[in-house]
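1. build me a structure from this.
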Amino acid sequence: MLADKGAVASALDFHRTTYADAAMLSDWAMLSVDDWPDEWFVYNEKCFPRLERIQLQEPEAAPAGLGHQWLAGRRSSRAALEETSLTELSNVLWYTTHSEPTEDRAPGSWHRPYPSAGGRLGCEFYVIAQNVTGLPSGVYSYGVAGHELTRLRSRVTEPMLRFIFGDGWVARTSAVIAVTLSTDRLETKYGGRGYRYGLIETGAATQTLCLVAGALSIGTCVLGGFADIPLGQLLFCTPNSEVPVVTIAISQNLPITARP
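-> Alright, predicted model coming up:
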C-alpha cells in the first residue's frame, strides 16, 4: 500500500494544535505539593466490577542481570544540576542509541536499543548545554553514526531557557537533551499512521535515555512543557517535517525520599 503523502501535513497540523507558548508556560508555573488541588492526587484505576477476576501469584525474584537495577535506578528529579561532565553526557548519548561496544561504529553494524517502526529511525537528538565541563556552551545536534556533536548555536543563556521552559529550575540546570521527530521519515512508508509510530519511538527512546542515565547515577526529568516554536527554532528543526516532542533535563540524582 502506498503512503498518503498528504497525511504528513495533516499530522503536523494536529500536532500544532497543542503548541504551547511562553504565556501558557507562565500559567503552568509549578506549584509546591502543598498547593496542589485535591483532584491532582486522585487516580481512578479502570476496573470491571461485574466480571470475573483472576488473582495473579506473587512475583518471583527479579530477573538476573542489570535490567532490574536499571529500572530501579530510574527516577524523576526536579533539582537542577549545576555541572555535568562531557564524559557523562557522552556515555548517556552513546548507550541510549547504541547496543554495541564503542569500537564497532560502522553504519549498519549496530542497532539502536529502542524500537523504531520499519527501522525508519525518526528520532533526532539535540543537546542544549549550559554548563558541561569540556564542552562550550551552546546548542548541539548529536550525530548517532559518528558519535559526535555538531555545534548549531554558540551559546545558551538562562533567560533563553526561561523563555522556552518557563521560570522554573530547568533554566538553571547544566544541560537539556531534546528529542525531535522527523515525521517525513516514517510517513514516507506509513502515511498518516507514521505520526503515531513516531510518538511510540520517541517515548521508547526517552525511557531508554532515562534508564541509561539512572544506571550512570545521573538524574533526569522528562519535560513536555516547553514553548514549541522557539524550541524548534533554537534547534534548527526542518520546517514542516521535524517537530520537538520531548525534552529531558539533566538533574541531580536524588534518593526518592529527598526528591523535590
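2. gap between Gln207 and Ala249?
-> For Gln207, the distance to Ala249 (Cβ to Cβ, to the nearest Å) stands at 15 Å. The way it works is simple: take the backbone N, C-alpha and C, and place the C-beta from them, glycine included.
3. next SSE after the helix or strand of the chain with the lowest mean pLDDT?
-> The least trusted helix or strand in the chain, going by mean pLDDT, DSSP states H and E, turns out to be helix 22-27, with a mean of 69. Moving toward the C-terminus from helix 22-27, the first helix or strand encountered (DSSP states H and E) is helix 67-73.
4. what residues of that next one count as buried?
-> Residues Trp70, Gly73 are the ones in helix 67-73 that count as buried (16 or more other Cβ atoms under 10 Å).
5. stretch 115-134: how far from the chain's middle?
-> When C-alpha coordinates are averaged (Cα atoms, centre = their mean, to the nearest Å), stretch 115-134 and its chain have centres 8 Å apart.
6. please apply the same query to stretch 187-197.
-> For stretch 187-197, the separation from the chain centroid amounts to 20 Å (computed by Cα atoms, centre = their mean).
7. neighbour count winner among Gln207 and Ala249?
-> Here Gln207 and Ala249 are set side by side on neighbour count (other Cβ atoms under 10 Å), and the busier one is Ala249, at 27 against 15.
8. contact partners for that one?
-> Each residue near Ala249 by Cβ atoms under 8 Å, 6 or more residues apart in numbering is listed here: Val170, Thr173, Ala175, Val176, Thr220, Cys221, Leu223.
9. quick check: it is in a helix.
-> No. Counting by DSSP: H, G, I helix; E, B strand; the rest coil, Ala249 is not part of a helix but strand.
10. that one bridge partners, please.
-> Under the criterion DSSP bridges, Ala249 forms beta bridges with Val176, Cys221.
11. would you map the helices across this protein?
-> Under the criterion DSSP state H, the chain carries helices at the ranges 7-16, 22-27, 67-73, 86-97, 158-165, 183-190, 193-215, 228-234.
12. hmm, who's touching the last one?
-> So that's helix 228-234. Contacting residues not belonging to helix 228-234 are listed as 16, 19-22, 128, 139, 153, 160, 163-164, 178, 180, 242-244, 247 [Cβ under 8 Å, 6+ apart].
13. go on, the fourth one?
-> Under the criterion Cβ under 8 Å, 6+ apart, residues 102, 112-114, 125, 127, 129, 132-135, 142, 144, 147, 175, 177, 205, 208-209, 212-213, 216, 218, 250 lie in contact with helix 86-97.
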